[in-house]
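1. here is a sequence with its predicted model. Questions after.
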Amino acid sequence: MDPILPKALKRGDKIAFVSPSARLNDILPIPLARGKTYLESLGFQVQIIFSKETTATITESIRVRCDEIHAAFRDDTIAAIICTIGGEHANELLPFLDYSLIRSNPKIFVGYSDTTFLHYAIQARTGLRTFYGPSVLTDFSDFPKPMQFTVDHFLRVLNEAGTSVGPLPRSPICSKEHSDFLFGHETLDKPRETTDSPSWRWLRGGQATGHLYGGTVTCVVRLQGTPYAPVSWKNKILFLESSMGDDIQLPYSVSKFRNNLVDLALCGILHEIRGLIIGRGYKYDTSMQDELANVINEVFNVVVGRSLEEQLPILMNVDFGHTSPLLTLPINALVRLDCDLDEFSVVEPSVRA
């Protein structure tokens, strides 16, 4: 598909909230309203698209969720769509989305985690650039307000047309926790604790330019072999991040991440990519970061067989994924990794005028 850049987001534009995976609107009305109020305070209009129809069966659920996404793309007054949260079942929608409708009505589409499936499908079937970035309930609904780093980069990437995004910033602080209300606690107005962010870390040096593609590592693995995955990864820089563990209050184990990397190696992906970027791990302490770094190096050295002399920059602990604050990443945009300059840059505009 020829690439399509959505129009830049301007003050006064309307943003739609959709819930293509987890359906928490009625369960978390106060945080949802807080996210809506915050975006309105920035000068945007907000419309929540959420049907009260039954979703008791898989068939009903797929129809309702697709109808909501279609309504958001069909509405000419809506400039951007943000997912309320991720979840587990966005993959069910892929065969049933109206890709002709989406291609004919291109607009900004933002989300992460399980939304990885929708990013791949929309890119593959329409060419529309989408954005791996903040969700409403995990980011814009923070108390007393969202982390400024998240907001600033969201606006930087989506507001400014015609100029390259440039080097991506890094936050000096981060939160190792999601908000309490996401874990079923009744506390809705507790600020998240923050700590110093781990430094960005180059596991391999060099320079590389390619198109940015990736997502939550489990989703990326599951998409391989489907018609929604890229045919070739030769011109790609891959970005990966991990979700929570089996217990959502625990980190995703390094052992499972290792299995995922080997699966991607067996698919041939890690033999083709020009570079790799790893997001800051959810609740990863220094020991887990070191363990993952060792795993990545061994997988590339032994399983993939790409020597240290090869120009294959690998950067980890970058500000995206199941973490806060986070960057807004334009999927399939041209990016550059440069270890010598200590930079990860988007070298083209992410939106159009």
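-> Right, received. Where do you want to start? Every value quoted in this text rests on a predicted model; they were computed, and no experiment measured them.
2. confidence score at Asp247?
-> At Asp247, the model reports a pLDDT of 83.
3. wait, Glu186
-> With respect to pLDDT, Glu186 scores 65.
4. kindly report the same for the one 5 residues further on.
-> Among the per-residue scores, Pro191 holds a pLDDT of 89.
5. helix, strand or coil for the residue lying closest to it once chain neighbours are set aside?
-> Nearest in space to Pro191, with sequence neighbours left out and distances taken as CB to CB, 6 or more residues apart in numbering, is Phe143 at 5.8 Å. Bear in mind the C-beta positions are built from the backbone N, C-alpha and C, glycine included. At Phe143 the chain is in coil, as set by DSSP: H, G, I helix; E, B strand; the rest coil.
6. per-domain residue ranges of the chain.
-> What automatic domain parsing lists as the domains of the chain is 14-163, 167-346.
7. neighbours of Trp331, how many?
-> Rather than Trp, residue 331 is Ile. When neighbours are defined as other CB atoms under 10 Å, Ile331 has 23 of them.
8. mind putting the domains of the chain in CSV, distance to Met1 included?
-> Listed next are the domains of the chain as CSV, based on distance: least, CB to CB, whole Å:
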stretch, distance to Met1
domain 14-163, 3
domain 167-346, 10
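9. so for Arg352, which of the ones you listed sits nearest?
-> Arg352 sits nearest to domain 14-163 of all the domains of the chain, at 5.4 Å, using CB to CB.
10. got the end-to-end distance for the closest one?
-> End-to-end distance of domain 14-163: 23 Å, with CA to CA, to the nearest Å as the criterion.
11. next one: it to chain centre, how far?
-> Centroid separation for domain 14-163 versus its chain: 12 Å, with CA atoms, centre = their mean, to the nearest Å.
12. just for the stretch 51-200 of the chain, where's the confidence low?
-> 186 (pLDDT under 70).
13. all helices of it, in order?
-> With helices called from DSSP state H, counting those that start in this stretch, the stretch 51-200 of the chain shows them at 58-74, 99-104, 116-126, 148-159.
14. any idea which of those is most buried?
-> Highest mean neighbour count among these (mean count of other CB atoms under 10 Å): helix 116-126, with a mean of 24.
15. so what's the backbone phi/psi at the residue lying farthest from the centre of the chain?
-> Largest separation from the mean C-alpha position in the chain: Glu309, at 30.9 Å (CA atoms, centre = their mean). Dihedral pair for Glu309: phi -80, psi -20, per degrees, to the nearest 10.
16. start at 42, not 1
-> Taking 42 as the first residue, the last one we looked at is Glu350.
17. and it, what's its pLDDT?
-> Glu350 is assigned 73 on the pLDDT scale.
18. okay, it and Gly246: tell me how far apart.
-> Using CB to CB, to the nearest Å, we find Glu350 at a distance of 10 Å from Gly246.
19. again with Leu378
-> According to CB to CB, Leu378 and Gly246 sit 10 Å apart.
20. try Val151
-> 32 Å.
21. so these two - more neighbours on which side?
-> Comparing Val151 with Gly246 by other CB under 10 Å, the one with more neighbours is Val151, at 24 against 15.
22. partners of that one in the sheet?
-> Val151 forms beta bridges with Ile123, Phe172, as assigned by DSSP bridges.
23. pull the contacting residues for it.
-> Contact partners of Val151, counting by CB atoms under 8 Å, 6 or more residues apart in numbering, are 121-124, 171-176, 195, 199, 369.
24. can you lay out these as TSV showing distance to Val343?
-> Listed next are those as TSV, based on distance: CB to CB, whole Å:
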residue	distance to Val343
Ala121	44
Ile122	42
Ile123	41
Cys124	37
Thr171	34
Phe172	35
Tyr173	29
Gly174	34
Pro175	36
Ser176	36
Phe195	39
Leu199	41
Thr369	35
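25. which of these lies closest to Glu339?
-> Tyr173 (26.9 Å).
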